[in-house]
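Engineer: Sequence below, structure please.
(3 chains)
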Amino acid sequence: MSSLRLVARNEWQLMRRSRVAQIAIALLLVLAGIAAITSIAHRNANDDLRARFQAQANSEFDGQPARHPHRMVHYGHFVFRPLPPLAAFDPGVDAFTGSTIFLEGHRQNSANFGDVRQSSLLARFGQLTPAFVLQALAPLVLIFVGFGLIAREREAGTLRLLTASGASPGAILGGKALALSGVAALMLIPAGLALLWMMAAEGAGAVAAGSLLLGYATYLAVWVAAIAGVSAIASTPRAALIALLAMWAVATVLLPRVAPEAALSVDPLTTKLETDIAIQRELREIGDSHDPDDPHFEEFKTSVLQEYGVDRIEDLPFNYNGLLAMEGETLTSSLFDQYAARETAQEKRHAAIVTSFGVISPTIALNRLSITLAGTGMDGHRRFLEQAEAYRFAIVQQLNQLQAEAVTFADDSTRNSDPVAGRRVRIDPEHWHEVPDFTYRGATTGERLQAAAAPALILLFWLLVAGLFLREARNYVLGAH
Amino acid sequence: MSDSSASQAPIRIDGLSLSRSGRTVLSNLSLSVEAGQAYALLGGNGAGKSTTIAALLGLLPAEGGVMEVAGIDPVEAPEAARRVIGYLPENVALYEQLDAYENIAYFLALGGARPSRAAIDEALDAAGLEADARRLRTADYSKGMRQKVAIAMALLRDVPVLLLDEPTSGLDPRATADFNALVRQLKARGTAILMVTHDLLGAADCADLIGFLAKGRIVEEVATGPNLDVMALHHRYGEAAAA
Amino acid sequence: MALWLHELRLFARQRVAAPALLLLLMLGSMSVWNGLSEIAHQRDVIERIQPQQEADISAVADFVTLDGDPGYAAYYTYHATWDDPSDLAFAALGQRDVAPYVLRVNALALEAQIHNNERYNAELALPGKFDWAFVLTYIAPLVLIVLLHDLASSEREAGRLNLLQSLASNTRTFWIRRVTLRYLLALAVIVLPFLFGAAIAGSSIGDSLAVSAMTALYLTFWTAASLLVGRLRWNSAANAGVLAASWFMIVLVLPALAHLGINAAIPVRQGVELTLAQRETVHAGWDKPKPETMAAFGELYQEWRDTPPIEGGFHWKWYYAFQHLGDVSVEDETLAYREGLEARDRWTRRVGYLLPPVALQHALHRRAETDLRAQLTYQDRIRDYHGRLREFYYPFIFNEQEFSRQDFARAPLWSR
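Structural biologist: Numbering: from 1, shown residues only, chains lettered A, B, ... in the order given. Below is the predicted model of the structure:
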């Protein structure tokens, strides 16, 4: 074992004196620093802005004058998706999803104003974030520092010298890999510091942050093993470098783009326009609350009259229009939920396909792990959409209930012809304060860890494969091929 | 061959000075080689032997002095000079993915020549490369075989000047003897040959003149012949190299 | 000519040359195929929404014509708009995956509709499309680097450099020939799949030539970079390292930094602000005195100024008047928002002067009409169409004219 450590220490010394290694590592550390600082600042600015808009929307809602409750249903509400603390580490899909939704009665609007549509095509070049630096740049730097680990020494003839002094091929390869692991650990330091900051200043969970770092460490370990192994097997340093660069380009640049195309071709999306038409069609089949002669609502009316033992809706102890609106909203909302569930199921199928590509690209597995733990994947956005829909339903029903209870049926029916009734249906704006504000609840650490299990397993599979590859590569250290 | 080059030595160096990355390598070097003559340049490591060859090829800028190769100044017209020079690097490297014929065809095409297959075979016969090796990729060739391919190229180009860089280093004794025979054969064709070498015995065997190079110039020049005292030379050569 | 063939044979027998070119050819072809099928899918969507849209409108007509109320017709009828892909879009799919290319609008306030998003899976959009523009921008330079990084250094390392130089009748033309051969092969391998796709997609000759010229220029940049690094006379591995690092910085890091800088320098939060503001004015419309609203609308549409005053609590003409006034009230913000987006696009083009990949992407997507500007053009057409829709409904609403089944078919159609 001591010869292994000796080889590692010697390699460290060589790296410290190599200008290429120095420049590459310094470049990575500088970029990692820039990425961490800009990414934290960017997240905080965005999160503050959204909080400010949310506060503005809340106070505008509360500040509405006396109105008919149904008017408030159409005045609606805006909700904004806050950014989880770890979004500063990996913003995930944040720029690609809208951050705000307009909520109103009987309609489900899209989340709008995602950064990607507000930016030039530069947005498609990717973002400089701590996650990107570790996913793409770190392996590249490790390749530059490590492609010659064995190959260069074999070419220079110093490898024979090493074996002559008693080091076994395993110890040489292990020592070299250990030295490169040291470089990898060095690269994790800025990310670790950034995560510590997010924990201390933004309240990121320690378990999620720790798991994130562990995931990245595993990923880099896979690369270290691959680099050391290829360097042992390749005939020349240049061949090792070219092979490793090709592996890197395929794993980190090419496959992450190919996987989504595969998912989309297997399971294509339908447009919002088609979904809207389908929902409208189904709604018409169920019944239209705006249509007074609709059979569904006719039946509903009969059952209500029966329940209260009256013959006319005018005789009900509450405003029938409000109840009708509540029934209508329940119907449309259940339809929205059905469609949302279908959409969610499709997104999960897509995610499963992409995750399975992790078996041929560790970068994909890591990326899935990273956005899941950071809470910035589609999971997080879907939670926002679901909670926004639940909130929409709750406030619309609350307003409908106000219509049923605070507005009389007589006034409601004559509000457009009788100015006095028209004034009376405008209820006390104090009621708007009773409507609760929207609060987004992100996934708990437990939920995120559970969701990250599949990509984590794939990463562990990679670690195993990389370990076996390194074992096999021992046989090539002395050039026995 | 034109009249002007016939009237004087095909290889002529007069007072050549040259430095590389601030270090003087050649200072006031002079020598000349007549047609049909072989000149062996001996010297220790770093004496400037290979630099002399590179200078004649026009690959290095001279700082002083005059050079002529078949009447052409390689500093003024390096490409014209290279057209009349056959050059054998110390370690002839060929394209490993090509066979001997393909290598020769390629390298000669660079200079605009397109020899026939028969001509190539004739040259390879003269250079002594076994017929059944010619179709093999040169990746598996020995140093001597690769050298023979390079000599065949020089023969095909029919150049008046041949520059040989350590041609016999790393060759076994039999291959060395073969090579020296080949040099004599080339001399008989009227080629002027400048070879740099460590091998005094070989030089005495096939060269007409031996120049000892030290600190960038010729410190002694002797003619070979039956009366040459090789042992004495060897003694002096050691001194010259050490000086 | 014989020499070119010699060089070609020599090159083809190199260990990495043929596989690298083959890989590029394969990826180029795959990306073109993917782009073509994506565009076919988009055209298919545009085709298949037409009957669905017709059925939807006829269902709306079924209940609107019960009493022929034009206000309901304008309220419930959604009119489809779409943005046909250009004949070049297959090569650079651009923003068409995240921006809607089909969108339907009704006659209500437009600002609440025009920013609607398309349904897409953001996780799938995040890495970017696998289109030909991607293969050209990202992968082609890597292949060129593989072909050119050891141009001279490999000869030096193999010990052939002096021999080659002693034999070449002109060393300059010798190197030019070698570089040109590699450059042309890479160019052919990347351009051929594109031209093939262009022929299938029916792109114009002008577009095909322009894209080929851009490609040639872009590859020239990377060739020049490789030669420049080669002049340092380092060994092959060092050359490859320097070039790959340059590639990483120029293609990935610097554009990302430029994006960060541009978005920070030109904030466009007006998007959210203007929808918030527009909602306030639209809904304040309910509470404003009706004559005031009608007078303001009459300023804009003089022909409807002298319609009878509104009696009672509600009239459709007042409703549609304040809907439109809501849009008008945020015109300045809309303009500012748009100018912000255009400024971002403009600065991206300027960044292109420094970063060839950005210039290439910008130029390609501009030509393919799949960029931010194309999105804005589509929005302009929607705004124009929305105006025609409103003006189609106004006579029915202001004259209290019955809206019949035939009238549904008379509504202005979206024109390609």
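Engineer: and residue 122, backbone torsions?
Structural biologist: Since you didn't name a chain, this refers to chain A. With angles defined as degrees, to the nearest 10, A:Leu122 sits at phi -60, psi -30.
Engineer: how much space between it and C:Ala55?
Structural biologist: Separation of A:Leu122 from C:Ala55 (C-beta to C-beta, to the nearest Å): 41 Å. C-beta here means a position set from N, CA and C on the backbone, and glycine is covered the same way.
Engineer: Of those two, which one has the most company?
Structural biologist: A:Leu122 (28 against 12; other C-beta atoms under 10 Å in any protein chain shown).
Engineer: mind listing what the more buried one touches?
Structural biologist: C:Pro255, C:Ala256, C:Ala258, C:His259, C:Ile262, C:Thr348, C:Val351, C:Val358 (C-beta atoms under 8 Å, 6 or more residues apart in numbering or on different chains).
Engineer: With adjacent residues omitted, what lies nearest to it?
Structural biologist: C:His259 (3.9 Å; C-beta to C-beta, 6 or more residues apart in numbering or on different chains).
Engineer: I'd guessed the one you found sits against A:Leu121; true?
Structural biologist: No. Judged on C-beta atoms under 8 Å, C:His259 makes no contact with A:Leu121 at a distance of 9.4 Å.
Engineer: Now do whatever residue of the stretch 101-250 of chain A ends up closest to chain B: how many residues are near it, please.
Structural biologist: Nearest residue of the stretch 101-250 of chain A to chain B (C-beta to the nearest C-beta) works out as A:Ser235 at 12.1 Å. Residues lying near A:Ser235 (other C-beta under 10 Å) number 14.
Engineer: Per-residue pLDDT of it, please?
Structural biologist: At A:Ser235, the model reports a pLDDT of 86.
Engineer: swap in the one 4 residues further on?
Structural biologist: Per-residue confidence for A:Ala239 comes out at a pLDDT of 86.
Engineer: Who are the packing partners of whichever strand or helix holds it?
Structural biologist: Per DSSP states H and E, A:Ala239 falls inside helix A:237-248. Contact here means 3 or more C-beta pairs under 8 Å, 6 or more residues apart in numbering or on different chains; DSSP states H and E; on that basis helix A:237-248 packs against helix A:138-146, helix A:151-156, helix A:206-233, helix C:140-148, helix C:236-247.
Engineer: pretty sure A:Glu202 is touching A:Ala87, no?
Structural biologist: No. Using C-beta under 8 Å, A:Glu202 is not in contact with A:Ala87, being 9.3 Å away.
Engineer: who's more crowded, those two?
Structural biologist: Counted by other C-beta under 10 Å, A:Glu202 and A:Ala87 do not tie: A:Ala87 has more neighbours, with 27 against 17.
Engineer: was I right about the more buried one contacting A:Ala95?
Structural biologist: No. Judged on C-beta under 8 Å, A:Ala87 makes no contact with A:Ala95 at a distance of 10.3 Å.
Engineer: for chain B, what spans make up the strands?
Structural biologist: For chain B, the strands defined by DSSP state E occupy B:11-20, B:23-33, B:38-43, B:64-69, B:85-88, B:161-165, B:192-197, B:209-214, B:217-223.
Engineer: need the contact list for A:Gly205.
Structural biologist: A:Met199, A:Thr445.
Engineer: Distance of it relative to C:Ser329?
Structural biologist: 45 Å.
Engineer: Count the neighbours of residue 136 for me.
Structural biologist: Assuming you mean chain A. Around A:Ala136 there are 19 residues (other C-beta under 10 Å).
Engineer: please go with chain B instead
Structural biologist: For B:Leu136, using other C-beta under 10 Å, the count is 13.
Engineer: Counting neighbours, what do you get for B:Ala9?
Structural biologist: Neighbours around B:Ala9, by other C-beta under 10 Å: 19.
Engineer: Per-residue pLDDT of it, please?
Structural biologist: 84.
Engineer: Against chain C, how distant is it?
Structural biologist: 20 Å (C-beta to the nearest C-beta, to the nearest Å).
Engineer: Touching, that residue and B:Ser32? I think so.
Structural biologist: Yes. Counting by C-beta under 8 Å, B:Ala9 does reach B:Ser32; the two are 4.0 Å apart.
Engineer: Return the set of buried residues in the one helix or strand C:His259 maps to.
Structural biologist: Taking DSSP H and E as the definition, C:His259 sits inside helix C:254-265. Within helix C:254-265, the residues that count as buried by 16 or more other C-beta atoms under 10 Å in any protein chain shown are C:Leu254, C:Pro255, C:Ala256, C:Leu257, C:Ala258, C:His259, C:Leu260, C:Ile262, C:Asn263.
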